[in-house]
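Colleague: Got a sequence here, can you model it:
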Amino acid sequence: MAQKLLIRDLTLRDGQQSSFATRMNQSQVDRTLPHYKDTNFYAMEVWGGAVPDSVMRYLNENPWDRLKKISDVVKGSPKLTALSRGRNLYGYAPYPDEIIDGFFKNAVSNGLNIMRIFDALNDVNNIKSSVKSIKKYGGMADCAVCYTIDPKYDDEIKIVEKRGFLGFKKKEEVVVKRENIFTDEYFLSKAKEMLSLGADMITIKDMSGLIPPSRVASLVSTFKKNLNVPIDFHTHCTPGYGLGSVLTAIMYGCDIVDTNIWNFAGGPGAPAIELIYIFCKKLGIEMDVNMEAVAKINAELLTIRKELEPFDAIKQIPNPFNPLTDVLPAEIDKEFDKAIGAVRNKDEEALLAACHKIEAYFNFPEPSELIKKAEIPGGMYTNMVAQLKQSNSMEILEDAMHLIPSVRLDSGLPPLVTPTSQIVGVQAVMSALNIKNGRPKYASPSNQYISLVKGEYGTTPVPVDPKFREQITGSAEEIPYDTSSYVRQDNPVLPEFDNVKLAQNESEELLLELFPSVATKYLRGQRETEYNAHRKEDSLDTDKKDVNEKVSKEKKVSGKKVTSPLPGTILEVRVKEGDAIKKHDVLFILEAMKMENNITSDYTGTVHNINVKVGDIVKVEAILAEIVTH
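Modeller: Residues are numbered from 1 along each chain as shown. Okay, the predicted model is just below:
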């Protein structure tokens, strides 16, 4: 019986998120859907990840509507899949079971069939509630093991002083050996724990594209030998391993692989299904995908990609190709054969050389040597660059990169995947800035880094040094997150819009819980639109806004200034005008690069002017408030 391969298409979620900053709007998505029904894909990933945040933040659309509209068209074939981060869901804090359960109830009722669930620490305890809830409402639990690597350290070789012959001192080089943590046995043990929770399938999730074909061969073989559920393989092409690693996964018996459609494939995304189709034809593997329907989607994607040009991370469109109608040149056809032969001969170098020639011929992006050498996710790197540009400190990028291994090890060696990749990356940048300015390495760590070290995100792969924990958190004791202390987001009445509540139903309340600042702004806009449509008072409302702005401008600066140290969004205002405060009191929570930062007062006194509100975007040195000192 021929081997059968199932395909999970990532185009409408991971594909557009990796390459186009998650900017596909609903009308663009809608144009592709009639053809998806005919593809015979096993599944299509359409939701989760950055989608719920981005459609509100940038497109002013409702995330639940995105899922429901896709479901109404495809009607369960292909299955709809999404991505969530275990107990964190889509936020940067662990949520109690009631929030997780409500989220999955709404996700399934809006058409979700499969949830890919992972935890950024590979702490299986953090996915228990999600597995239970998705299965409770009739969905499938796809549990993902996050692939990561043991980092390389600058201090692997140390110069030490030893006493030699006759007691004379001499200096020698000593190699500092660290035991590998992330072995095949480590990943298998995590997968077995997930299976015991009721996982319907296991995904090897290589979010950074750092898994080379040789490691794929050993890991897939180990999983297939020891696990009795379907195995899915997910990777990216950025460092240059993607196509070769997916081919290896297929030839070593993987049941499902993740791909993108041609015009959204390669580079930061997953390999193109069209290339996988050619390999499967040569291998005699049954893929059972309707490539004519795929070609119709691809034609629409080319138009959409041109529309998304301002957000295109690569700006390198692959050459047109349809494997059903176009004939490969003999020399390129031979490279496909060479790649297959290289997998059989376990020749990784020859495999990668053949795959790179294939990708170059079709004008897919070249491998990123920088990302490959840095051994961090591409998104983590670009976020670090963006943060340094905002603070006019690009000259310390190399210093920040060098700090990543030590910052990661200090915090328990977490895998570099959202959110831990951003927590570690931002801390490395902040530490580099601290050192540059003569401050201690860990001066003013972000709230999320404190929570990670404290233990609130879960159990890290290696224990955090108690002394370091005390330095960062004030206590040497590991303190797990206590969900019983969780306080739900405020759902205020809006007097300016006829006293309606900000969130009108459970699904909107969940948006408020998961995305406080983004959802607050989005939902206020929805209530305002509804109010204006009902009352037909657009002009009156505009006049009110102008008056408020004039009043705000007339406020006089008469105290000590509290300014923003970073560009970002005001997530929380903890004081009101007239409040008495002490030095070091937290006045605001600022979200910068998705990290929360406490903005404290340098003075004791009374809050005189507050110049911002929740949801406001501020620049560096923006005046947030003034304090009248006593």
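Colleague: tell me which residues in stretch 191-209 are buried?
Modeller: Under the neighbour-count criterion of 16 or more other Cβ atoms under 10 Å, stretch 191-209 has 191, 193-195, 197, 199-209 buried. Yep, even glycine has a C-beta here, placed from its N, CA and C like the rest.
Colleague: and E309, how many neighbours?
Modeller: Neighbourhood size, E309 [other Cβ atoms under 10 Å]: 10.
Colleague: Could I get the full set of strands for the stretch 1-150 of the chain?
Modeller: 6-9, 43-48, 79-84, 114-117, 140-146 (DSSP state E, counting those that start in this stretch).
Colleague: and stretch 213-220, average pLDDT?
Modeller: In this model, stretch 213-220 carries a mean pLDDT of 97.
Colleague: list the buried ones in it?
Modeller: P213, S214, R215, V216, A217, L219, V220.
Colleague: So which of the buried residues of stretch 191-209 is the closest to I134?
Modeller: D200 (9.1 Å; Cβ to Cβ).
Colleague: Can you add distance to E359 and mean neighbour count and give the strands of the stretch 1-150 of the chain back as TSV?
Modeller: Formatted as TSV, the strands of the stretch 1-150 of the chain follow (distance: least, Cβ to Cβ, whole Å; neighbours: other Cβ atoms under 10 Å):
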stretch	distance to E359	mean neighbour count
strand 6-9	19	24
strand 43-48	22	26
strand 79-84	25	24
strand 114-117	26	25
strand 140-146	26	25
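Colleague: want to throw those strands into a markdown table with distance to D97?
Modeller: What follows is the strands of the stretch 1-150 of the chain, written out as a markdown table (distance: least, Cβ to Cβ, whole Å):
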| stretch | distance to D97 |
| --- | --- |
| strand 6-9 | 28 |
| strand 43-48 | 19 |
| strand 79-84 | 14 |
| strand 114-117 | 14 |
| strand 140-146 | 16 |
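Colleague: right, and these - which one's nearest N505?
Modeller: Set against N505 and scored by Cβ to Cβ, the strands of the stretch 1-150 of the chain come closest in strand 43-48, at 18.8 Å.
Colleague: hmm, back to that, return the subset of the buried residues of stretch 213-220 lying in helices.
Modeller: P213, S214, R215, V216, A217, L219, V220 (DSSP state H).
Colleague: Just give me the longest helix of the protein.
Modeller: The chain, longest helix under DSSP H: helix 516-535.
Colleague: Secondary structure element for the residue nearest the centre of the chain, which one?
Modeller: The centroid of the chain falls nearest to T418 when counting by Cα atoms, centre = their mean (4.0 Å). Using DSSP states H and E, T418 sits within no helix or strand.
Colleague: just checking, it touches L83?
Modeller: No. The pair T418 and L83 fails to qualify as a contact (Cβ atoms under 8 Å) at a distance of 9.6 Å.
Colleague: which SS class is D232?
Modeller: Assigned with DSSP: H, G, I helix; E, B strand; the rest coil, D232 falls in the strand class.
Colleague: Quick check: it touching C254?
Modeller: Yes. Counting by Cβ under 8 Å, C254 is a contact partner of D232 at 7.2 Å.
Colleague: ok now the longest helix of the chain, how far from the chain's centre?
Modeller: 27 Å (Cα atoms, centre = their mean, to the nearest Å).
Colleague: any weak-confidence spans in the protein?
Modeller: 1, 153-177, 537-558, 592-595 (pLDDT under 70).
Colleague: Next one: F233 from E286, what distance?
Modeller: 17 Å (Cβ to Cβ, to the nearest Å).
Colleague: Between the two, which has more neighbouring residues?
Modeller: F233 (27 against 13).
Colleague: List the contacts of the closest residue to that one other than its chain neighbours.
Modeller: Using Cβ to Cβ, 6 or more residues apart in numbering and skipping the chain neighbours, the partner closest in space to F233 is A249 (4.0 Å). By Cβ atoms under 8 Å, 6 or more residues apart in numbering, the residues touching A249 are I204, V216, V220, F233, V257.
Colleague: if you set the cut-off to 7 Å instead, what comes out?
Modeller: V216, V220, F233, V257 (Cβ atoms under 7 Å, 6 or more residues apart in numbering).
Colleague: do Y531 as well
Modeller: F497, D498.
Colleague: Please apply the same query to P567.
Modeller: P567 sits next to Q390, A592, V618, K619, V620 when contact means Cβ under 7 Å, 6+ apart.
Colleague: now with 8 Å?
Modeller: So P567 contacts Q390, A592, I617, V618, K619, V620 (Cβ under 8 Å, 6+ apart).
Colleague: Help me confirm that G605 comes into contact with A625.
Modeller: No. Using Cβ under 8 Å, G605 and A625 do not qualify as a contacting pair, with a distance of 10.7 Å.
Colleague: Neighbour count for the two, which is higher?
Modeller: Neighbour count, other Cβ under 10 Å: between G605 and A625, A625 has more, with 23 against 18.
Colleague: Distance of the more buried one relative to I371?
Modeller: From A625 to I371 the distance is 41 Å (Cβ to Cβ).
Colleague: out of everything not next to it in sequence, what's closest to E506?
Modeller: E506 sits nearest to G102 (Cβ to Cβ, 6+ apart), 6.3 Å away.
Colleague: try A191
Modeller: I202 (4.9 Å).
Colleague: and that neighbour, what are its bridge partners?
Modeller: C143, I231 (DSSP bridges).
Colleague: thought it was touching E193?
Modeller: No. With contact defined as Cβ under 8 Å, I202 does not reach E193; the gap is 10.6 Å.
Colleague: could you pull out the helices for the stretch 151-300 of the chain?
Modeller: 184-197, 213-226, 242-251, 273-283, 291-307 (DSSP state H, counting those that start in this stretch).
Colleague: For the ones you listed, give me TSV that also has distance to D482.
Modeller: Shown next, in TSV, are the helices of the stretch 151-300 of the chain (distance: least, Cβ to Cβ, whole Å):
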stretch	distance to D482
helix 184-197	22
helix 213-226	35
helix 242-251	40
helix 273-283	45
helix 291-307	45
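Colleague: Among those, show me which one is buried the most.
Modeller: helix 242-251 (a mean of 27; mean count of other Cβ atoms under 10 Å).
Colleague: And it, how far out from the chain middle?
Modeller: For helix 242-251, the distance to the chain centre is 23 Å (Cα atoms, centre = their mean).
Colleague: That one to helix 273-283, inter-axis angle?
Modeller: On the basis of axes from the mean of the first three to the mean of the last three Cα atoms, to 10 degrees, helix 242-251 is oriented at 40 degrees to helix 273-283.
Colleague: Just want the angle from helix 242-251 to helix 213-226.
Modeller: Going by the same axes, to 10 degrees, helix 242-251 makes 30 degrees with helix 213-226.
Colleague: Please identify which of the ones in helices among the buried residues of stretch 213-220 is nearest to I317.
Modeller: For these, the nearest to I317 is P213 (26.8 Å; Cβ to Cβ).
Colleague: what separates that closest one from V614, distance-wise?
Modeller: Relative to V614, and taking Cβ to Cβ, P213 is found at 48 Å.
Colleague: same deal with A293?
Modeller: A293 is 45 Å from V614, by Cβ to Cβ.
Colleague: for L308, same thing?
Modeller: In terms of Cβ to Cβ, L308 sits 30 Å off from V614.
Colleague: Same question for E369.
Modeller: Distance check for E369 against V614: by Cβ to Cβ, it reads 43 Å.
Colleague: Which one of those two is surrounded by more residues?
Modeller: Comparing E369 with V614 by neighbour count (other Cβ under 10 Å), the higher total belongs to V614, at 17 against 10.
Colleague: what helix or strand is that one on?
Modeller: Counting by DSSP H and E, V614 is part of no helix or strand.
Colleague: any idea how far it lies from Y241?
Modeller: 43 Å.
Colleague: what sits against S451?
Modeller: By Cβ under 8 Å, 6+ apart, the residues touching S451 are A93, Y457, Y481.
Colleague: Give me the subset of these lying in helices.
Modeller: Among the contacts of S451, no member falls in helices (DSSP H).
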